[in-house]
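Q: What follows is a predicted structure for the sequence shown.
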Amino acid sequence: MSTKNKPIAREKSSTKVANFLEKNNLHKKDFAQMIGVTLSYIYNLIDETIPFSSRSTTLERIAVVMDILPEEFDEYIIEQEPQNYNENLEFIKGKIKENHLTTLDFVKMFERKNRLHIVDILRGAKPIPISYFDLKKLCTFLNIKKEDVFKIWESRMTEFLNAGGFNSKNNEELTKVIFDCAKDYLLS
């Protein structure tokens, strides 16, 4: 039988994770914190004591940290609802690449207690911070200019106001005054 016709065997998910941890010299405890599971859970996944997770949240978090698509895991079942495109999130992800960082490098820049939150932001499960100062801290690691940080915050704040019932289009003049004042205050 010709080897050309044989299907290429996919690497087991547990092996993928183990190889990633070894290649990046990442301790299992740090990885567990980044994806929101216990250390023993990571050991059991890698040792195949338990079946590899099929929970989409866990697989998406693992994929974000590993800079791969969740579909690269056989256990991943594609969500039924498509994720909305978020221009600001894509801008931040682009800046991560522009700064020659892996997602792992970027996540490790944050305090351990905040890493899971950052992973969830990067996978689109949590919104970009609405607090200007939290957003500024996130953007500082990526050398994003303060004018661009303000644009992201303005967009995020407009989303927040509209979701709360404020119609920024019908209140265009008021919205402009609010953001002009905020810009003077934050960028001075």
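A: Noted; the coordinates are in hand.
Q: Run through the strands of the chain in chain order.
A: Per DSSP state E, the chain carries no strands over any range.
Q: got the residue ranges for the helices in it?
A: Residue ranges of the helices in the chain, as given by DSSP state H, are 13-23, 28-35, 39-47, 56-66, 87-98, 103-107, 112-122, 132-140, 146-163, 172-187.
Q: For the shortest one, which residues meet the burial criterion?
A: Right, helix 103-107. 103, 104, 106, 107 (16 or more other Cβ atoms under 10 Å). (Glycine included, C-beta is placed from N, CA and C.)
Q: any idea how far the second one is from residue 62?
A: Counting by Cβ to Cβ, to the nearest Å, the gap between residue 104 and residue 62 amounts to 11 Å.
Q: Thought residue 183 was touching residue 150, still the case?
A: Yes - between residue 150 and residue 183 a contact is recorded at 6.0 Å, counting by Cβ atoms under 8 Å.
Q: that older thread, same list, the buried residues of helix 103-107, but as TSV with pLDDT please.
A: Formatted as TSV, the buried residues of helix 103-107 follow (pLDDT from 0 to 100):
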residue	pLDDT
103	95
104	96
106	96
107	95
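Q: could you dump those to TSV with distance to residue 23?
A: Shown next, in TSV, are the buried residues of helix 103-107 (distance: Cβ to Cβ, whole Å):
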residue	distance to residue 23
103	14
104	10
106	17
107	16
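Q: and of these, the nearest to residue 92?
A: Nearest to residue 92 out of the buried residues of helix 103-107 is residue 106 (Cβ to Cβ; 9.2 Å).
Q: any idea how far residue 177 is from the closest one?
A: For residue 106 relative to residue 177 (Cβ to Cβ), the value is 36 Å.
Q: and what of residue 89?
A: The gap separating residue 89 from residue 177 is 28 Å, by Cβ to Cβ.
Q: okay, residue 150 and residue 183: which has more neighbours?
A: Using other Cβ atoms under 10 Å as the criterion, residue 150 and residue 183 rank with residue 150 on top: 19 against 15.
Q: ok, now which ones touch that one?
A: Residues in contact with residue 150 (Cβ atoms under 8 Å, 6 or more residues apart in numbering) are 132, 182, 183, 186, 187.
Q: Just among those, which is most surrounded?
A: Going by other Cβ under 10 Å, residue 132 tops the contacts of residue 150 with 18 neighbours.
Q: I figured it was touching residue 153, is that so?
A: Yes - using Cβ under 8 Å, residue 132 is in contact with residue 153, at 5.0 Å.
Q: surely residue 46 meets residue 17?
A: Yes - Residue 46 is within contact range of residue 17, at 6.1 Å (criterion: Cβ under 8 Å).
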